[in-house]
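Enquirer: Sequence below, structure please.
(chains A and B)
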Amino acid sequence: MDLIANLTLGFETALSPTNLLYCFIGVFLGTFIGVLPGIGALAAVSMLLPVTFYLPATTALVMLAGVYYGAEYGGSIASILLNLPGTPSAAVTCLDGYPMAQQGRAGVALFMTTVASFVGASIGIVALTAFAPILVQVTLAFGPAEYFAVMLLGLLAASAVSQGSPVKGIAMVVLGLMLGCVGTDINSGEARFTMGYYPLLDGISLIALAMGLFGISEVIASINTTNTDVLKGKITFRSMLPSREDTRRSVMPMARGTTIGTIFGTLPGTGQTIASFIAYAIEKRVSRNPGRFGKGAIEGIMAPESANNAAAQTAFIPTLTMGIPGSATMALMLGALMIHGITPGPALMTDHPDIFWGLIASFWIGNVMLVLLNIPLIGMWVRLLKIPYHFLYPAIIVLICIGVYSINNNVFDVGLALFFGFVGYGMRLLGFEPAPLLIGFVLGPMMEENLRRAMLLARGDYFVLFQRPISATLLTLALILLVWAIWASLRQRSRNKASVTEEGLSPPQG
Amino acid sequence: MSRVDLRDIIGGLLLMGIGLYFLMGALDMRVGEARRMGPGYFPMVLGIVGMILGAIIIIPALMRPGVLPSVNWRPLIAVMTAILVFALVMPRAGLLPAVFATVVVASFADPRSRLWQTVLLAAGLVAATWVIFIYGLGLPMIVYRMPF
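Expert: Residues are numbered from 1 along each chain as shown, chains lettered A, B, ... in the order given. From the prediction side, this is the model:
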């Protein structure tokens, strides 16, 4: 069996002492970041990117991925205890998690969300293991036209489905593509949009961009708005045990949530936040007694938590097989791969099976570690939430500065991060999401390259893109999405109720 | 509350401006044709698309009322200055003084910060920086030097 051989290789890689250590550091930091309201996985991954220069590629990815899915576990803790989502995808967990805590059932809620997270993630990993090799086979038949089409569809999906106005999301993708053009043009060697700055010839640094847009602007937005003084009480192990009734009510929502998460994680652009919102909505729909939701119904935390963890794992499917990131965090993962000189895409699985399968095996290990971190050590995370934010944010700023400076030992990158921090805060104020921008930035150069190649092969005839079946289908879908986005935006005279509640629920993007 | 949604109008105008800048920049380069694209081709398309999207954002905003978001001035200025201070101190005096100065300046962002707490925090972070980045990870950075 190929699969068994592959998984054996994966576990051999993931169980090496170095990788185990960094996997643990990753999930630990991820939970840490997830617990803290105001900074999400995205900011954390971008802060750690420079550190991974000093590690081998597999170890670096294992750690970064650990941060990413670890944050999904940690995110629910702040949601339940403080009614503040630690990560955007845990926002829905506030709706029923916080009422449960108010009823003195915080322990049960914390225990059961960990269970839901673990189940969701495990099934997500199974789906990843099963479908990734199949998708690689499909992707191997892709030419430049198909690549261009799939990237275009992915970008449009990522922006159109994000929170808020779809056209604003698409605008951010375009802005990201523009920023991706900065630097030396690969085909002609001509410098583009460098404004005379010599360091920009290599392009804008991904790390400086991500830290500015997410790290710096998130810190500015959360100072004075993040209040953690309300927390009191202690979580004992006894209080965490669910009743038989709780368990019975949790099984089906968990199954439905996991299914939704697995599907939505795979689609480019949708991701965990959308999956958790949809899982909650469906639970409410199928419930015989929807009135209980919002008042501490356990179904209302189980479904979204299993959905966002399943989605966090299956998001790796398009990233690892096609080299197309479905979310901004995945874009950073791809960035990490490219920093280590590895080209993402279908060849990754055949050329670097140790990275591919080692990463997947590390997910299993990391999730087991997370259960251990979240159940016996819950008291530590609760205490962490009691640290006032004005002691934390200076440390975050220092970390950002050192991280950005260390890329090239150059002040220029710090200045660049400062500039993008300002831009990111402005975007936040004007209601533009930074996440689609980052996806556009990472995909931009690849997209231009593939478009140029496809057009060269087609002798400049754009209709060729519509003559190949796969690219025609993908482009038609992209076109439908585009028309829908523009139509939805023009129709929206007043900002509708749904988007207002969504904005209110998920201020920090991560 | 204003009669038009100023927030989206500002956003759309900025986007159109950036689009125009890219379009002009792209036209300065060799554009080429679809069959053999020059360095200016892709940015040119992006510039045009950006301007169109800006317009699509502005049009509905003219027909609905809206509120301008309020700016968190104090954290914005303090955090920006703190990072600027890092960029200025780092190459002149080294990592540890830069960390100390950055923390002190950053603490002005939150009115709850107390001076003695800030100094303690800064000292603690200087120590942590040395342990993690210099001793632990061995980053090749100037730790400390006399600035003059």
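Enquirer: hey, let's count contacts and neighbours off CA atoms from now on
Expert: Fine.
Enquirer: What distance do you get for residue B:127 to residue A:51?
Expert: 18 Å (C-alpha to C-alpha, to the nearest Å).
Enquirer: neighbouring contacts of stretch A:314-328?
Expert: Here stretch A:314-328 makes contact (C-alpha atoms under 8 Å, 6 or more residues apart in numbering or on different chains) with A:42, A:124-125, A:127-128, A:131-133, A:135-136, A:139, A:151, A:154, A:158, A:262-263, A:265-271, A:330-331, A:334, A:344-346, A:348-349, A:356, A:435-436, A:438-439, A:443.
Enquirer: anything in stretch A:59-69 near chain B?
Expert: No - using C-alpha under 8 Å from any C-alpha of the partner chain, stretch A:59-69 stays clear of chain B, coming no nearer than 13.9 Å.
Enquirer: Extract the C-alpha set from that stretch and format it as CSV.
Expert: C-alpha atoms of stretch A:59-69 as CSV (Å, rounded to 0.1, in the frame of the first residue of the first chain):
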residue,chain,number,x,y,z
THR,A,59,10.5,21.9,10.6
ALA,A,60,9.6,25.4,9.7
LEU,A,61,6.3,24.3,8.1
VAL,A,62,5.5,22.0,11.0
MET,A,63,5.8,24.8,13.4
LEU,A,64,3.9,27.4,11.4
ALA,A,65,1.1,25.0,10.8
GLY,A,66,1.0,24.2,14.5
VAL,A,67,0.5,27.9,15.2
TYR,A,68,-2.2,28.0,12.7
TYR,A,69,-4.4,25.1,13.9
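Enquirer: Tell me which of the contacts of stretch A:314-328 fall in helices.
Expert: A:42, A:124-125, A:127-128, A:131-133, A:135-136, A:139, A:151, A:154, A:158, A:262-263, A:265-266, A:271, A:330-331, A:334, A:348-349, A:356, A:435-436, A:438-439, A:443 (DSSP state H).
Enquirer: And the buried ones among the residues you listed, selectable in ChimeraX?
Expert: Selecting only the buried entries of these in ChimeraX, with 16 or more other C-alpha atoms under 10 Å in any protein chain shown as the criterion:
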select /A:42,124,125,127,128,132,133,135,136,139,151,154,158,262,263,265,266,271,330,331,334,348,349,356,435,436,438,439,443
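Enquirer: what's around the closest residue to chain B within the stretch 251-400 of chain A, how many residues?
Expert: Going by C-alpha to the nearest C-alpha, chain B is nearest to residue A:394 of the stretch 251-400 of chain A, at 5.3 Å. Residues near residue A:394, counting by other C-alpha atoms under 10 Å in any protein chain shown, number 27.
Enquirer: Equivalent analysis for residue B:146, please.
Expert: Neighbour tally, residue B:146, other C-alpha under 10 Å: 7.
Enquirer: Nearest residue to it in space, please, no chain neighbours.
Expert: residue B:93 (5.9 Å; C-alpha to C-alpha, 6 or more residues apart in numbering or on different chains).
Enquirer: now do residue A:376
Expert: residue A:237 (7.6 Å).
Enquirer: Quick check, pLDDT for that neighbour.
Expert: Residue A:237 is assigned a pLDDT of 72 by the prediction.
Enquirer: so what's the closest residue to chain A within chain B scoring on pLDDT?
Expert: Nearest residue of chain B to chain A: residue B:35, at 3.6 Å (C-alpha to the nearest C-alpha). Per-residue confidence (pLDDT) for residue B:35: 83.
Enquirer: I figured it was touching residue A:456, is that so?
Expert: Yes - Residue B:35 is within contact range of residue A:456, at 5.0 Å (criterion: C-alpha atoms under 8 Å).
Enquirer: Tell me the first helix or strand C-terminal of the longest helix along chain B.
Expert: Ranked by residue count under DSSP H, the longest helix found in chain B is helix B:6-28. Following helix B:6-28 in sequence order, the next helix or strand is strand B:32-33 (DSSP states H and E).
Enquirer: Now find how far off-centre that following strand is within its chain.
Expert: 35 Å (C-alpha atoms, centre = their mean, to the nearest Å).
Enquirer: Flag every residue of the stretch 201-350 of chain A that's near chain B.
Expert: A:216, A:220-221, A:223-224.
Enquirer: just curious, which of those is nearest to chain B?
Expert: Relative to chain B, and with distances defined as C-alpha to the nearest C-alpha, the nearest of these is residue A:220, at 5.4 Å.
Enquirer: Okay, domains of chain B per the record?
Expert: Following automatic domain parsing, chain B resolves into domains at B:6-61, B:73-136.
Enquirer: Output those as a markdown table; include the columns mean neighbour count.
Expert: Below are those laid out as a markdown table (neighbours: other C-alpha atoms under 10 Å in any protein chain shown):
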| stretch | mean neighbour count |
| --- | --- |
| domain B:6-61 | 20 |
| domain B:73-136 | 19 |
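Enquirer: Switch these over to TSV; also include distance to residue A:490.
Expert: Formatted as TSV, the domains of chain B follow (distance: least, C-alpha to C-alpha, whole Å):
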stretch	distance to residue A:490
domain B:6-61	6
domain B:73-136	33
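Enquirer: Residue A:145 is nearest to which of these?
Expert: For the domains of chain B, proximity to residue A:145 was assessed by C-alpha to C-alpha; domain B:6-61 is nearest, at 13.5 Å.
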